[in-house]
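Peer 1: coords please:
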Amino acid sequence: MTNEVVLSTVEYKGQDAVNADFWKGERYHEDEVTPEMLNNGKQWWRYHLKFDGLKPIQITKRKKV
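Peer 2: Next comes the predicted model:
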C-alpha cells in the first residue's frame with residue numbers, strides 16, 4: 001500500500017475513499033498544485049489516502065489548506 005496526498009476544491013466529510021465526492025470535482029496530486037491555483041479564491045482541502053495499486057482504500061486525514 002502507498003500513501004498519497006490529493007488536493008481538491010471539494011470538501012468531503014465521509015470515509016468512503018472509492019466514492020468520495022472530490023473525485024468528481026477538481027482534484028490534483030500535491031506536486032501538480034501551484035501557488036497561483038491555491039490563491040484563486042476557492043477553498044482547498046488536503047486529503048491523505050492509502051492506495052492499493054490504483055484503488056483508493058482509506059482516507060486517513062483531511063485538512064483545510
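Peer 1: what lines up beside the top strand by length along the chain in the sheet?
Peer 2: The longest strand of the chain (DSSP state E) is strand 55-64. Paired neighbours of strand 55-64 in the sheet (DSSP bridges): strand 45-52 (antiparallel).
Peer 1: helix, strand or coil: sort out residue 15 for me.
Peer 2: At residue 15 the chain is in coil, as set by DSSP: H, G, I helix; E, B strand; the rest coil.
Peer 1: need the contact list for it.
Peer 2: 58-59 (Cβ atoms under 8 Å, 6 or more residues apart in numbering). To be clear about C-beta, it is placed using only N, CA and C from the backbone, and glycine gets the same treatment.
Peer 1: same question for the one 5 residues further on.
Peer 2: Contacts for residue 20 were tallied using Cβ under 8 Å, 6+ apart; they are 12, 14, 47, 56, 59.
Peer 1: burial of residue 45, as a residue count?
Peer 2: Using other Cβ atoms under 10 Å, residue 45 has 17 other residues around it.
Peer 1: quick one: it and residue 21 touch, right?
Peer 2: No. Residue 45 sits out of contact with residue 21 when judged by Cβ atoms under 8 Å, with a separation of 10.5 Å.
Peer 1: are there residues contacting both of those two? Which ones?
Peer 2: With contacts taken as Cβ under 8 Å, 6+ apart, residue 45 and residue 21 have 10, 12 as neighbours in common.
Peer 1: so where's this structure uncertain?
Peer 2: Along the chain, the model assigns pLDDT under 70 to no residue.
Peer 1: one more pass at 90, please.
Peer 2: Flagging of the chain using pLDDT under 90 yields the residue ranges 25-26, 40-41.
Peer 1: confirm that residue 22 sits in a helix.
Peer 2: Yes. Applying three-state DSSP, one finds residue 22 inside a helix.
Peer 1: for it, grab the count of nearby residues.
Peer 2: For residue 22, the count of nearby residues is 19 (other Cβ under 10 Å).
Peer 1: where's it relative to residue 32, distance?
Peer 2: Distance of residue 22 to residue 32, computed by Cβ to Cβ, to the nearest Å: 14 Å.
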